[in-house]
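**Q** Sequence and predicted structure, then a few things I'm wondering about:
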Amino acid sequence: MKYIALLRGINISGKNKIAMSKLKKEFTNLGFKEVTTYLNSGNIIFESNINNKNEIINNIQIMIKDKFEFDIPTYVTTSQELEELMSNSPEWWGKDNKEIYDNIIFIIPPTTYKEVFAAIGSPNEYEKIQEYKNNIFWSFDLKNYRKSNWWSKTASTEISNSITIRTANTMRKILEICLKK
């Protein structure tokens with residue numbers, strides 16, 4: 001089965017630095033096949049015969065702790081789940097409008113959408129959100145991002161280690177890579 005691992009908070013502002021070439025090697029050492037990384041921010045596409053996401057997540061987190069000495073929250077999905085998620089985006093999301101920044105907030109289990117929403121609160125007039133299967137499509141007005149309710153709170157609340165965020169373009173490219181193989 002084809003999987004995508006999204007590692008939270010690596011290679012951001014010089015913190016939790018991990019070279020993608022080393023990460024790819026360690027994923028291969030875990031027995032994962034066809035390992036590909038995308039960008040330098042912890043997006044890994046791979047194949048595995050393991051049919052248990054919790055086991056995969058546990059293996060990845062143990063490896064990162066052992067090899068790189070970081071505790072990294074990890075989100076894992078299948079290529080089929082990602083394709084379904086992307087095909088169910090709201091009509092206002094991902095339109096390549098340069099004035100709007102489109103993201104997906106991936107909620108790391110066992111955290112739920114209700115917990116994230118309770119920690120961050122309602123979006124304001126500068127942003128939109130829509131939940132789909134415990135993930136959140138989130139868009140905000142780029143020139144007013146500092147005024148948005150969710151911008152600072154996704155990084156500064158107690159919920160921050162329970163989510164990882166990717167842009168629409170990043171997730172489109174990851175899905176394209178998945179579908180090519």
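**A** Perfect, I can see it now.

**Q** If we go by neighbour counts, what in stretch 166-181 is buried?
**A** By neighbour count on 16 or more other Cβ atoms under 10 Å, the buried set for stretch 166-181 is 166, 168, 170-171, 174-175, 177-178. In this view, the C-beta of every residue, glycine as well, is placed from N, C-alpha and C.

**Q** wait, I meant stretch 150-164
**A** For stretch 150-164, burial by neighbour count (16+ other Cβ under 10 Å) applies to 150-151, 154, 157, 159-160, 162-164.

**Q** repeat for stretch 52-66
**A** By neighbour count on 16+ other Cβ under 10 Å, the buried set for stretch 52-66 is 53, 56-57, 59-61, 63-64.

**Q** now those as a markdown table including secondary structure?
**A** Shown next, in a markdown table, are the buried residues of stretch 52-66 (DSSP: H, G, I helix; E, B strand; the rest coil):
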| residue | secondary structure |
| --- | --- |
| Lys53 | helix |
| Ile56 | helix |
| Ile57 | helix |
| Asn59 | helix |
| Ile60 | helix |
| Gln61 | helix |
| Met63 | helix |
| Ile64 | helix |
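
**Q** And these, which is closest to Ile12?
**A** Comparing the buried residues of stretch 52-66 against Ile12 with Cβ to Cβ places Ile64 closest, at 14.9 Å.

**Q** Looks like the closest one contacts Pro73 (just checking).
**A** No - the pair formed by Ile64 and Pro73 falls short of the contact definition of Cβ atoms under 8 Å, at 10.2 Å.

**Q** on that earlier part again, taking the buried residues of stretch 166-181 one by one, which sit in helices?
**A** Under the assignment DSSP state H, those contribute 168, 170-171, 174-175, 177-178 to helices.

**Q** Now render those residues as JSON lines, adding distance to Lys22 and pLDDT.
**A** Formatted as JSON lines, these follow (distance: Cβ to Cβ, whole Å; pLDDT from 0 to 100):
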{"residue": "Ala168", "distance to Lys22": "28", "pLDDT": "96"}
{"residue": "Thr170", "distance to Lys22": "21", "pLDDT": "96"}
{"residue": "Met171", "distance to Lys22": "24", "pLDDT": "97"}
{"residue": "Ile174", "distance to Lys22": "20", "pLDDT": "97"}
{"residue": "Leu175", "distance to Lys22": "25", "pLDDT": "97"}
{"residue": "Ile177", "distance to Lys22": "20", "pLDDT": "96"}
{"residue": "Cys178", "distance to Lys22": "23", "pLDDT": "94"}
